[in-house]
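*Asks:* Below: sequence and its predicted model.
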Amino acid sequence: MAKLENPDEYIVVDATNMIMGRLASIVAKRLLMGQKIAIVNAEKVVISGRKEAILEKFLHRLQIRTHYNPRKGPFHYRKPDRILRRVIRGMLPYKKPHGREAFKRLRVFIGVPEELKDKPKTQFEEAHVSRLKGRYVELGEIAKEIGWKPWPE
């Protein structure tokens, strides 16, 4: 697991039972304002909708590649932390210098790393799963279905 260079500078966000898109938009806005954010428990973030429909979209995305040289991309991640990072990147002006700098201030982790265990963790009420009335599925379940092999505990 990657080490944080200075854990005290980061705002730690617990992604457990948070809606992925709403969490990503809040985090993207804060990154653009200059805050450093570390997201923990990325595998426990939820996506709204039926599991079958979400899984179908992810599996369809995995088939997209270039015929010229598939090793040159586009790259489709299977790990929950990388999927969440990519969603947040999509909400940043990544091709501009300030968007790229904002993205560098983001760290996403599966589980909780040792250096962040004792830090206070925040959650955003406007992104909590209690806002949903319909079905939802955890990102970790989708990631396992598309090929993520988590480390044994």
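*Replies:* That came through fine.

*Asks:* in the chain, which helix or strand is least confident?
*Replies:* The weakest-scoring helix or strand in the chain, judged by mean pLDDT, DSSP states H and E, is helix 51-62 (a mean of 90).

*Asks:* Enumerate every residue touching the residue nearest the centre of the chain.
*Replies:* Most central residue of the chain, judged by C-alpha distance to the mean C-alpha position with C-alpha atoms, centre = their mean, is Leu84 at 1.7 Å. Under the criterion of C-beta atoms under 8 Å, 6 or more residues apart in numbering, the contact list for Leu84 reads Ala15, Met20, Ala24, Ile39, Ala42, Val45, Val108, Leu139. Heads up, the C-betas are built off the backbone N, CA and C, glycines and all.

*Asks:* pLDDT wise, what is the third one at?
*Replies:* What it means is Ala24. At Ala24, the predicted lDDT confidence score is 97.

*Asks:* what do you get for the fifth one?
*Replies:* Model confidence at Ala42, given as pLDDT, is 95.

*Asks:* likewise the last one?
*Replies:* What the model reports as pLDDT for Leu139 is 94.

*Asks:* Correct me if wrong: it contacts Ile47.
*Replies:* Yes - counting by C-beta atoms under 8 Å, a contact exists between Leu139 and Ile47, whose distance comes to 6.2 Å.

*Asks:* who touches both of the two?
*Replies:* Residues within reach of Leu139 and of Ile47 at once, by C-beta under 8 Å, 6+ apart, are Met20.

*Asks:* For this structure, just list every one of the strands.
*Replies:* According to DSSP state E, the chain carries its strands in the segments 10-14, 36-40, 46-48, 106-108, 121-122, 136-138.

*Asks:* Check what contacts the fourth one and list those residues.
*Replies:* Put plainly, it is strand 106-108. With C-beta under 8 Å, 6+ apart as the test, strand 106-108 has contacts from 2, 4, 10, 27, 31, 36-39, 42, 81-82, 84-85, 88.
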